[in-house]
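> sequence and computational prediction follow.
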Amino acid sequence: MIPNIHNEATVYCRSLGNEELAAHRDALAYESADIFNLYGAESAPVAALLIEPRLQIAETELARRARLHTAGADVPNPGGARYDAWRDLAREVREQTNIVAVFDRGGYPLRQTGRTEWHGPCFVCGEGHDRLMVRTDPPGRYWCRRCGLTGDAIAAAGTLHGLSFFEAVRELATELGLLAPAINGAPSSPRGSARRLRTREVPRA
C-alpha cells in the first residue's frame with residue numbers, strides 16, 4: 001500500500017467508534033470476497049491495492065482495542081450484541097434495497113446496459129459517462145473503473161445523502177419497513193426518521 005494511503009487508512013480507522021469500525025471492516029471484507037465474482041479479473045489489482053490493505057488495517061485496529069480492553073484499559077470492548085444486530089439488519093438491507101433507486105434519488109440517474117447492469121459517471125471522481133458500473137442482482141454493488149470506488153446500497157446512500165453507516169442503514173431499513181436498533185441511544189422505529197429517503201420506483205430489470 002502507498003504510504004500516505006496507509007497512513008490515511010490508519011487515521012480513519014482510529015477515528016471511528018467500535019461499531020462503525022466493525023461495520024467498516026465487514027464492508028471491506030465483503031468487497032474483497034465479492035469483487036472478483038462481480039467484476040472479473042480486471043478488478044483484482046483494485047482489490048489488492050485499495051481493499052485488502054485497508055481491511056488488514058481495520059482488523060489490526062479492532063484487535064488492538066480488544067487487547068487493550070482485555071488488559072484492563074479504559075477502552076470499550078469492540079465486540080457486542082448491539083453491533084451484531086446492526087450487522088444482521090445491514091445484511092437484510094443490502095439484499096432488499098434497489099441500488100439503482102438510491103442513485104436515482106441522489107441525483108445520479110444511471111443508464112441500463114444489460115439485464116442487471118447499469119452505467120453512469122462516477123459520483124466521486126466524476127469521470128466519463130460509463131466508468132461507474134452498477135449491478136442490481138442482489139446484493140447490489142457499484143464499482144468505478146477509474147478510481148476504484150466500490151460499495152453497496154448502504155455506502156451509496158451514505159455518500160449521496162451525507163449519512164453515517166448507521167443512519168444510512170436505518171433510513172434504508174425504514175423504507176423497507178424493517179425495525180432498526182437505536183443510534184446513540186435514540187429510540188428505534190420502523191417509521192421513525194424525520195429525514196426519510198423518498199423512494200421512486202426504478203425496476204431492477
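Sure, I can see it. Numbers count the residues shown, from 1 in each chain.
> so the closest residue to residue 150 other than its chain neighbours, which state does it fall into?
Leaving aside its sequence neighbours, residue 150 sits nearest to residue 143 (C-beta to C-beta, 6 or more residues apart in numbering; 4.6 Å). All C-beta atoms are positioned from the backbone trio N, CA, C, and that covers glycine. Per DSSP: H, G, I helix; E, B strand; the rest coil, the secondary structure class of residue 143 is strand.
> from residue 134, how far off is residue 143?
8 Å (C-beta to C-beta, to the nearest Å).
> same question, residue 178
Distance, residue 178 to residue 134, using C-beta to C-beta: 23 Å.
> who has more neighbours out of those two?
residue 134 (24 against 15; other C-beta atoms under 10 Å).
> for that one, what are its contacts?
Contact analysis of residue 134 by C-beta atoms under 8 Å, 6 or more residues apart in numbering lists 99, 100, 103, 110, 117, 118, 119, 120, 140, 141, 142.
> ok, so of those, who is nearest residue 26?
Closest approach to residue 26 among the contacts of residue 134 (C-beta to C-beta): residue 141, at 14.5 Å.
> run a quick neighbour tally on the closest one.
25.
> that one pairs with what?
residue 135, residue 152 (DSSP bridges).
> where's it relative to residue 88, distance?
19 Å.
> tally of neighbours for the closest residue to residue 144 other than its chain neighbours?
Leaving aside its sequence neighbours, residue 144 sits nearest to residue 122 (C-beta to C-beta, 6+ apart; 4.1 Å). The number of residues packed near residue 122 is 21, by other C-beta under 10 Å.
> again, but for residue 76
Residue 76: 12 surrounding residues under other C-beta under 10 Å.
> I'd say it and residue 19 touch.
No: between residue 76 and residue 19 there is no contact, the gap being 9.5 Å when judged by C-beta atoms under 8 Å.
> quick check, residue 119 in a strand?
Yes: according to three-state DSSP, residue 119 belongs to a strand.
> and it, how far from residue 103?
Residue 119 is 11 Å from residue 103, by C-beta to C-beta.
> looking at the two, which is more packed in?
residue 103 (24 against 18).
> packing partners for the helix or strand encompassing that one?
Per DSSP states H and E: residue 103 is located in helix 99-105. When contacts are defined as 3 or more C-beta pairs under 8 Å, 6 or more residues apart in numbering; DSSP states H and E, helix 99-105 sits against strand 132-135, strand 141-144, helix 153-161.
> out of the ones you listed, nearest to residue 8?
helix 153-161 (16.9 Å).
> how far off centre is that closest one?
Distance of helix 153-161 from its chain centroid, counting by C-alpha atoms, centre = their mean, to the nearest Å, is 7 Å.
> and it, what's buried?
Judged by neighbour count using 16 or more other C-beta atoms under 10 Å, the buried positions of helix 153-161 are 153, 154, 155, 156, 157, 158, 159, 160, 161.
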